[in-house]
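Novice: based on what follows, work out the 3D shape:
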Amino acid sequence: MRRIRRRAFRVSMAAALLACAGLLAPVAAADIAKPATESAVAVRDRALIESRLRQMPPPVAGQPDLYALAFAGDGDEHVFRNEALYFEQLATVRYGAGGRALALVNHPGSLGADPRPLATVENLAHALAGIGKLMDPDEDLLLLFVTSHGSPGHALTVYLDGHVDTVLRPDALREALDASGIRHRLLIVSSCYSGGFIPGLAGPDTLLITAARFDRPSFGCGDTGSATWFGHALLVEGLNRDSGLVAAFEYARRQVERREKTEDVDPSHPQISIGADILARLQVWEATLVPGPPLPYPHPQ
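Specialist: Model prediction:
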């Protein structure tokens with residue numbers, strides 16, 4: 001089960017519930033105020049994002065193109081990093097994103113030999129804005145995958161020791177998406193209580209998948225885990241089938257339900273919200289897609 005954990009914020013920060021097993025009552029949380037000057041890591045991140053955006057090929061006129069973005073919020077656990085990097089590769093080699101994929105990852109490894117932009121609220125907004133400028137808003141689609149701990153108050157942990165300690169809320173994600181100008185949105189939020197993101201993000205041009213209902217935890221995080229239960233069922237199993245995104249969700253929902261019954265835990269009830277206009281757009285893109293081969297997951301279960 002996604003575990004409960006407490007973290008003491010500095011006096012200048014509000015307390016935040018950073019765990020998501022549902023055993024603690026929610027406490028108030030607030031985003032950290034932006035510092036007057038950017039840190040060296042923030043400057044580095046902006047440069048990394050800009051470099052990746054410059055390498056993305058332009059959209060192809062007359063056909064829908066997919067742009068993919070991953071956000072791994074909690075840097076304390078490997079599972080979120082694992083899923084985000086796998087999602088980036090899956091979108092690249094199997095779902096036609098090619099060079100139009102980017103992962104923001106909170107993990108110590110992101111500051112090492114294989115540098116990655118950190119998953120901060122500011123970097124998320126910057127990456128979305130850059131992708132929005134590249135896309136054809138009438139044809140292209142964004143596939144966004146967000147994975148982290150989530151609280152009963154519907155705030156996702158955004159943490160890496162010494163660098164970022166805040167939360168991502170539905171209104172902040174909606175604001176960043178709207179500001180980017182991205183119209184056709186395929187969103188996956190994998191966390192406990194992630195169904196609470198649906199009211200703030202739903203719309204006619206949005207398909208939103210969540211790992212759990214608004215009032216339920218999901219399962220499978222932990223330092224020794226290779227993937228969350230829902231992340232594995234959707235990304236590793238469902239999206240390696242040749243049946244489309246909606247069918248992949250339905251497959252993942254059934255797999256999670258079976259596993260929860262086997263493990264004798266309360267059901268998480270994964271959710272899907274499909275806007276009135278997005279399904280036709282998704283089907284047009286999927287009809288033109290020639291999927292690549294299934295992509296093995298590099299982390300053992």
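
Novice: please identify the buried residues of stretch 267-274?
Specialist: Within stretch 267-274, the residues scored as buried using 16 or more other CB atoms under 10 Å are 268-274. Where C-beta positions appear, they are placed from N, C-alpha and C, glycine not excepted.

Novice: what's the first-to-last distance across that stretch?
Specialist: End-to-end distance for stretch 267-274, by CA to CA, to the nearest Å: 22 Å.

Novice: from the middle of its chain, how far away would that stretch be?
Specialist: On the basis of CA atoms, centre = their mean, to the nearest Å, stretch 267-274 sits 15 Å off its chain's mean C-alpha point.

Novice: in the stretch 151-300 of the chain, which spans are helices?
Specialist: Taking DSSP state H, counting those that start in this stretch as the test, the helices found in the stretch 151-300 of the chain are 170-180, 198-201, 229-231, 245-263, 278-288.

Novice: turn the buried residues of stretch 267-274 into TSV, including distance to residue 79 and pLDDT.
Specialist: Conversion of the buried residues of stretch 267-274 to TSV gives the following (distance: CB to CB, whole Å; pLDDT from 0 to 100):
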residue	distance to residue 79	pLDDT
268	15	98
269	20	98
270	17	98
271	20	98
272	22	98
273	25	98
274	27	98
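
Novice: farthest-separated two in the residues you listed?
Specialist: The two members of the buried residues of stretch 267-274 with the most space between them (CB to CB) are 268 and 274, at 19.4 Å.

Novice: so where is this structure shaky, pLDDT-wise?
Specialist: 1-37, 223-224 (pLDDT under 70).

Novice: okay, which residue is most central for it?
Specialist: residue 146 (1.1 Å; CA atoms, centre = their mean).

Novice: so it sits in a strand?
Specialist: Yes. Residue 146: assigned to a strand according to DSSP: H, G, I helix; E, B strand; the rest coil.

Novice: roughly how far does residue 280 sit from residue 286?
Specialist: 11 Å (CB to CB, to the nearest Å).

Novice: what does residue 81 give?
Specialist: 28 Å.

Novice: okay, these two: which has more neighbours?
Specialist: In this view residue 81 and residue 286 are compared by other CB atoms under 10 Å, and residue 81 has more residues nearby, 24 against 18.

Novice: these two touch, right, the more buried one and residue 72?
Specialist: Yes. Using CB atoms under 8 Å, residue 81 is in contact with residue 72, at 5.1 Å.

Novice: quickly list what's touching both of the two.
Specialist: Counting by CB atoms under 8 Å, 6 or more residues apart in numbering, the contacts common to residue 81 and residue 72 are 105-107.

Novice: who wins for most neighbours among those?
Specialist: Busiest of the shared contacts of residue 81 and residue 72 [other CB under 10 Å] is residue 106, holding 30 neighbours.

Novice: list the residues that contact it.
Specialist: So residue 106 contacts 72-75, 80-81, 118-119, 158-160, 163-164 (CB under 8 Å, 6+ apart).

Novice: how does it look with 7 Å?
Specialist: Shown in contact with residue 106 (CB atoms under 7 Å, 6 or more residues apart in numbering): 72-75, 118-119, 158-160, 164.

Novice: tell me the one among the buried residues of stretch 267-274 nearest to residue 190.
Specialist: Closest to residue 190, out of all of the buried residues of stretch 267-274 and judged by CB to CB, is residue 270, at 9.2 Å.

Novice: now that closest one: closest residue in space, sequence neighbours ignored.
Specialist: residue 253 (4.7 Å; CB to CB, 6 or more residues apart in numbering).

Novice: what's the answer for residue 203, then?
Specialist: That would be residue 275: by CB to CB, 6+ apart, it lies 5.4 Å from residue 203.

Novice: quick one: that neighbour from residue 174, how far?
Specialist: From residue 275 to residue 174 the distance is 13 Å (CB to CB).

Novice: about what we covered before: tell me what the residue nearest to the centre of the chain is bridged to.
Specialist: Listed beta-bridge partners, residue 146: residue 71, residue 189 (assigned using DSSP bridges).

Novice: what do you get for the one 4 residues further on?
Specialist: Listed beta-bridge partners, residue 150: residue 156 (assigned using DSSP bridges).

Novice: which ones are touching it?
Specialist: Counting by CB under 7 Å, 6+ apart, residue 150 makes contact with 20, 156, 191-194.

Novice: same thing with residue 82?
Specialist: 226-227, 299.

Novice: filter those to the buried ones?
Specialist: 226-227, 299.

Novice: let me have those residues in JSON lines, adding distance to residue 208 as columns.
Specialist: Formatted as JSON lines, the buried ones among the contacts of residue 82 follow (distance: CB to CB, whole Å):
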{"residue": "226", "distance to residue 208": "25"}
{"residue": "227", "distance to residue 208": "21"}
{"residue": "299", "distance to residue 208": "26"}
